[in-house]
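S.K.: Need coordinates for the below:
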Amino acid sequence: MNYLINSDENLRKGLSVFENEGKHVINAPVGAKYLSEFMSELPMGILNKKETGCGATSVILENN
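M.R.: The predicted structure is shown next:
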């Protein structure tokens, strides 16, 4: 999935996407509990989710 900063889709989903030190940072929308509420696949790279039980394993297993 290509997360473009300021894309219409990100704004519609309520995602905060920005670049920090050459890395794209994706913040979850306010009120989201599970990753699957706003992501259908995980971007390549490191996922620093900071929370357990957010559904990251489910997104990975169900990723096409």
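S.K.: need the helices for the protein, in chain order.
M.R.: Listed in chain order, the helices of the chain (DSSP state H) span residues 8-13, 56-62.
S.K.: Could you list the buried residues of the worst-scoring helix or strand of the chain on mean pLDDT?
M.R.: Here the helix or strand of the chain ranked lowest by mean pLDDT, DSSP states H and E is helix 8-13, holding a mean of 75. When burial is assessed from 16 or more other C-beta atoms under 10 Å, helix 8-13 yields the following buried residues: N10. Glycine gets a C-beta too; all of them are placed from N, C-alpha and C.
S.K.: for stretch 56-64, same thing?
M.R.: 56, 59.
S.K.: Quick one: the strands in this structure, in order.
M.R.: Secondary structure of the chain by DSSP state E: the strands cover 16-20, 23-27.
S.K.: can you pull the buried residues of the first one?
M.R.: Same thing as strand 16-20. Neighbour-count burial for strand 16-20 [16+ other C-beta under 10 Å]: V17.
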